[in-house]
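A.B. asks: only geometry, no sequence info:
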């Protein structure tokens with residue numbers, strides 16, 4: 001068991017399934033999927049500027065975006081736009 005913990009990390013404190021070496025800001029072990037869910041849950045839900053319905057949070061390309069389920073609009077703040085530009089402009093692996 002110690003070898004598994006050393007290689008794969010301890011179990012996630014949120015889902016208790018995935019082994020991870022990641023830690024959240026409080027020092028708790030959190031797997032990648034749970035870390036994303038926490039990030040989405042922490043962000044404030046906004047009204048769509050086009051149709052005024054409540055937008056939903058989605059995780060795309062390591063970025064949480066606001067998407068309106070009513071009109072289909074996708075809205076990005078400066079930080080989110082920078083994340084997409086960075087992913088598009090930086091060559092990956094080749």
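C.D. replies: On my side now, so go ahead. Note that the structure is a prediction, hence the values are computed from the model and not measured. Residues are numbered from 1 along each chain as shown.

A.B. asks: residue contacts, the spatially most central residue of the chain?
C.D. replies: Central residue of the chain (Cα atoms, centre = their mean): residue 36, 3.3 Å from the mean position. If you count contacts by Cβ atoms under 8 Å, 6 or more residues apart in numbering, residue 36 has them with residue 59. Where you see a C-beta, it was placed from the backbone N, CA and C, and this is true even at glycine.

A.B. asks: Same check on residue 66?
C.D. replies: Residues counted as contacts of residue 66 (Cβ under 8 Å, 6+ apart) are 46, 48, 55-57, 74-76.

A.B. asks: Residue 31 is in contact with residue 24, correct?
C.D. replies: No. Taking contacts as Cβ atoms under 8 Å, residue 24 lies outside contact range of residue 31: 10.4 Å.

A.B. asks: in which helix or strand would I find the residue nearest to the centre of the chain?
C.D. replies: Assessed by DSSP states H and E, residue 36 sits inside helix 32-42.
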